[in-house]
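In: I'll drop the sequence and a predicted model, then ask my questions.
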Amino acid sequence: MRSIMKKWTSLLASAFLLFFLSCNEMDKYYDNDRHATSVSVGNAWDYLESRGNFTNFLAAVQKVGYEDLVRGKGLATIFAPDDEAFQKYFARHGYSSVNDVPDAELSNMVTYHLLYYSFNADRFMEYRPEGTTADDDYVGLYFKYRTRSRDANEMIEDPSKGKEVEVLHQEKYIPVFTPNLYGWYNNHGSSGSTGAVNYNYFYDSYGSDLWQGDNWVAGNEPYFRVSNAGVKEYSIITDNGYLYVLDDVVEPLKTIYQTIAADDNFSTFAHAYDRFKDLTYNEYLSLNYNNRDSAFLYQSTGLPSIAYERTSLTISSGESTSDMEATLLGPLSSNTLTVFAPSNQAMESFYTTYWEPYYGVNNWDSIKFTPLLALMGEQVGTHRLWASAGPLLPSEISKGNAVTAVSYTPITIDPASDVVTKAFCSNGTLYGVNSLISVPKYFSYVTAPAFMNPKYNMFLLLMARSGVLDLYTAETQTFYAFYPSDDMLKNTQVGDGNSETLIYENAQPNKYGYEDITYSDGEATVSLGMAASARIVRSQVCDNMIEVAGSDEKIYRTTYSTFNYLYQKGDSIFSTAKYNSHYGFQGAQDNNDMITITEMTSDLPEVRNGRVFSLDGEKSATALMPEERSFEEISPNQSQIPWEFLETTAGTRNFYQTGIAGSLNDSTGRLQVYETIKAHDGGGTTVPRYIVFALSNQAVVDAWADRIITNGRNNLFSRYMPNLFVSVERSRLIDYPFPGDGMGTRTLYTFKTKTNTEGEYTSIQLDDMGTHLQLTDSKGRKVKVVNSFPYIYADCAVYIIDSYLDFGDDNTSTVQ
């Protein structure tokens, strides 16, 4: 199919030429040399009239105003049903003569037999829109031809305007089925596609064993069927084209949407599909085809336009449909849509299972657009090998070649037993079924709450925008998803300096495609970008969980970035930013800012790959966002240092002021320890990721008393400090260490160069004790890590230890 589309890309480049020469280009399908000979039977009207058995056809043509065309005024291919064929038509509809047929129906039917351009039988058998000498790899695939038939204009309600607008229907295409069409499937990766199976499947209501072309081989006399009709006489040359005698009146095909909407058994599906309708004003059609009255095209947004007569063609306001058709003859002649429409019962069963608990009973109009789109799109089928090229035939479904167009899930129905209604339509094929061919996967994984509960609509929009939905439906991973409500997201700060909050906008609540998540940039609201959306979503979804033994603590690693986590204590949950703000200032803060979690997993029909939780908090609660500040940035500010560093004195000495602050800052206010780290890590301008083992206040007192950080006259804390800063890269850590993480014993390397060495650094042994982490220094002293969850910043993690670490001669040696 890719190679086919490449052909149409090249065609677009010469679109203007094709348009200018369109009549001449199509003349090649009319044999002008033969036309000039006595082989011509004259004009089609006189010829048919002279034969005497086309009275009904001629009467119908005359009644609808196309006598001039049949008499020779204009190039055309004419499919002429004889009087015997008309008797079949009358019998099917309960008419006795042409005069009984309603005018609109009669006009639609007659013009369906009048094709643009002239095609002899060989051209029907081997139609190539690019020309008769073009590559013949796709002979048979192009099976649809433009007729002069179109439905009357109709008034349809436009959801965006709240009123009816006039919809102008485009001219229909008619299918011509040849042995080469079914042969094309067999020659391109399939096998066993025959007309006896596929043609008769759709047209069995017109008779049994209608198809007789499976034994046709190249070189034989032409054989094809025109939709429901057989051809009795081929390629009769007339003054203005070719004439074919048919054994039945061709019934004008409806669009897929028209066929569904006319069947009450599929009214729920039709109504749901209608929510995505896009009635597009077209200036060209308004001026040229609708007496300058406003004309609209019936298309869909987000879903295939099954109500529109054209496939592979989307028209915007000012475009000429004729211009577009001239450049897209190939796709228009070959591409089709396929819908597997679920019955009302099937749709209602899905609604009851997934939406009724949150939307109420049978409230289809309230379903948010994104989850509804997921459901509807998954009922659209395509061929697994060549997508929409050619019709999706029942034999291809039986052979396992049919997949859903969105997720490529295999379609496993039996066309013979599972399909309750079927139709070959003007723009594709319709299979009516009593069950959904596929439930969208998003309803069965940790994404389920977003698709089921409107409370999480903003989060769903962010998931869709950030492109992570498929990531969270991975079968082989386990996820832990924490869902913020819409109100929480509206409190979440974004933008420069996180100074703005999220805004939900919906300019057209009744029309798909107008929902947006924005924020103010100071001058106007702007859409939240993909990266910013992903940051929010990935910060709420985790892919690893550690339970700390003997406690009610859990630690989750988020999917936002490496070294970003959530911390759970009891039923409270903290992001790194929330944890730092709650515990990292002078003591614990007011519990009103706490966020609690409630597990939803067991309340859902199915969650295959993890667990899901709702987030709950006060009105000011926000989503779980990571800490963006660096410890390097905040460390000079006493008010932002973890509370364990504060309020410790020995006599009149405050050890924060004389110890930590003094060691971090020199007389010029520079962060002295960071300059040391930078110098010993290649002399860069940024500090590499690191871990800080911060002495508790009592540990500082003990270190001072034991002269680890002083010689009795001078404060040597600044020399000691680099021993407490561990290089993550040098220690080969892929995660910060946590109790219960299963990583066992590790050797951590600091930023302090060992005495009288070059390129060697002091080290600390770290052991996972299950309930806590334990450090062992070079003297063999055991030191306990106080906090299971460290203070995590953009650049590091800060752990509090209950005693000092003794590095012997390297405690306060001068850094080399």
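Out: All right, it came through fine.

In: worst-scoring helix or strand of this structure, pLDDT-wise?
Out: strand 649-650 (a mean of 32; mean pLDDT, DSSP states H and E).

In: F224 reaches P175, doesn't it?
Out: No. Counting by CB atoms under 8 Å, F224 stays clear of P175, with 9.9 Å between them. C-beta here means a position set from N, CA and C on the backbone, and glycine is covered the same way.

In: Tell me where the longest strand sits in this protein.
Out: strand 229-238 (DSSP state E).

In: State the distance from Y223 to I237.
Out: 19 Å (CB to CB, to the nearest Å).

In: before we move on, what about A76?
Out: 13 Å.

In: and these two? which has more neighbours close in?
Out: The neighbour comparison of A76 against I237 (other CB atoms under 10 Å) goes to A76, with 25 against 20.

In: In the sheet, which strands lie alongside the longest strand of the chain, parallel or antiparallel?
Out: Strand 229-238 pairs in its sheet with strand 225-226 (antiparallel), strand 241-246 (antiparallel), by DSSP bridges.

In: what comes up buried for that strand?
Out: 229-231, 234-238 (16 or more other CB atoms under 10 Å).

In: okay, stretch 454-465 in PDB with CA atoms only?
Out: Below are the C-alpha coordinates for stretch 454-465, written out as PDB (Å, rounded to 0.1, in the frame of the first residue of the first chain):
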ATOM      1  CA  PRO A 454     -15.200  11.700  33.600                       C
ATOM      2  CA  LYS A 455     -13.600  12.800  36.900                       C
ATOM      3  CA  TYR A 456     -10.300  12.100  35.200                       C
ATOM      4  CA  ASN A 457     -11.000  13.700  31.800                       C
ATOM      5  CA  MET A 458      -8.200  16.300  32.000                       C
ATOM      6  CA  PHE A 459      -5.700  13.600  32.900                       C
ATOM      7  CA  LEU A 460      -6.900  11.500  29.900                       C
ATOM      8  CA  LEU A 461      -6.400  14.500  27.600                       C
ATOM      9  CA  LEU A 462      -2.900  14.900  29.000                       C
ATOM     10  CA  MET A 463      -2.200  11.200  28.500                       C
ATOM     11  CA  ALA A 464      -3.400  11.400  24.900                       C
ATOM     12  CA  ARG A 465      -1.500  14.600  24.200                       C
END
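
In: for that stretch, the distance to its chain's centre please.
Out: Stretch 454-465 has its C-alpha centroid displaced from the chain centroid by 13 Å (CA atoms, centre = their mean, to the nearest Å).

In: tell me the contacts of the residue nearest to the spatial centre of the chain?
Out: Geometric centre of the chain, nearest residue: A464, 6.8 Å, by CA atoms, centre = their mean. Contacts of A464 were listed using CB atoms under 8 Å, 6 or more residues apart in numbering, and they are T370.

In: Distance-wise, check it relative to T352.
Out: Distance from A464 to T352, by CB to CB: 25 Å.

In: Now do the phi/psi pair for D616.
Out: Backbone torsions for D616, taken as degrees, to the nearest 10, come to phi -130, psi 140.

In: okay, it: pLDDT?
Out: On the pLDDT scale, D616 is placed at 95.

In: residues touching it, list them.
Out: Taking CB under 8 Å, 6+ apart as the test, what D616 contacts is 595-598.

In: again with K569
Out: With CB under 8 Å, 6+ apart, K569 has these contacts: 552-553.

In: Which helix or which strand is home to Y512?
Out: Y512 belongs to no helix or strand when elements are defined using DSSP states H and E.

In: can you give me the strands in the stretch 701-816 of the chain?
Out: Along the stretch 701-816 of the chain, the stretches classed as strands by DSSP state E, counting those that start in this stretch are 725-727, 746-753, 761-768, 773-776, 782-784, 791-792, 796-801.

In: Which of these sits closest to S630?
Out: Closest approach to S630 among these (CB to CB): strand 796-801, 7.6 Å.

In: Distance from that closest one to the middle of the chain?
Out: On CA atoms, centre = their mean, the centre of strand 796-801 falls 41 Å from that of its chain.

In: Next: stretch 477-496.
Out: On CA atoms, centre = their mean, the centre of stretch 477-496 falls 20 Å from that of its chain.

In: For that stretch, output the C-alpha coordinates as CSV.
Out: Coordinates of each C-alpha in stretch 477-496 appear next as CSV, following Å, rounded to 0.1, in the frame of the first residue of the first chain:
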residue,chain,number,x,y,z
GLN,A,477,5.2,-4.4,32.9
THR,A,478,3.5,-3.6,36.2
PHE,A,479,2.4,0.0,36.7
TYR,A,480,1.0,1.9,39.7
ALA,A,481,-1.1,4.8,38.5
PHE,A,482,-2.3,7.6,40.8
TYR,A,483,-5.1,9.5,39.3
PRO,A,484,-5.5,13.3,40.0
SER,A,485,-9.0,14.6,39.6
ASP,A,486,-9.7,17.5,37.2
ASP,A,487,-9.9,19.9,40.2
MET,A,488,-6.4,18.8,41.3
LEU,A,489,-5.0,19.4,37.9
LYS,A,490,-6.6,22.9,37.8
ASN,A,491,-4.5,23.6,41.0
THR,A,492,-1.3,22.3,39.5
GLN,A,493,1.3,24.9,38.6
VAL,A,494,3.1,25.0,35.3
GLY,A,495,4.9,27.6,33.2
ASP,A,496,7.9,29.6,33.9
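
In: What are the buried residues along that stretch?
Out: 479-486, 488-492, 494-495.

In: Just the ones of the residues you listed in strands?
Out: Counting by DSSP E, the buried residues of stretch 477-496 place 479-483, 494 in strands.

In: quick one: which of the residues you listed is nearest V785?
Out: Nearest to V785 among those, with distances taken as CB to CB, is Y480, at 24.1 Å.

In: so what's that closest one up against?
Out: Going by CB under 8 Å, 6+ apart, Y480 touches 446, 541-543, 545, 556, 610-613.

In: can I get those residues in TSV with secondary structure?
Out: Converted to TSV, the contacts of Y480 look like this (DSSP: H, G, I helix; E, B strand; the rest coil):
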residue	secondary structure
V446	coil
V541	strand
C542	strand
D543	strand
M545	strand
Y556	strand
G610	strand
R611	strand
V612	strand
F613	strand
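
In: Let me know the closest of those to D521.
Out: V541 (27.1 Å).

In: could you pull out the helices for the stretch 701-816 of the chain?
Out: Using DSSP state H, counting those that start in this stretch, the helices of the stretch 701-816 of the chain run over residues 717-720.

In: That'll do, ta.
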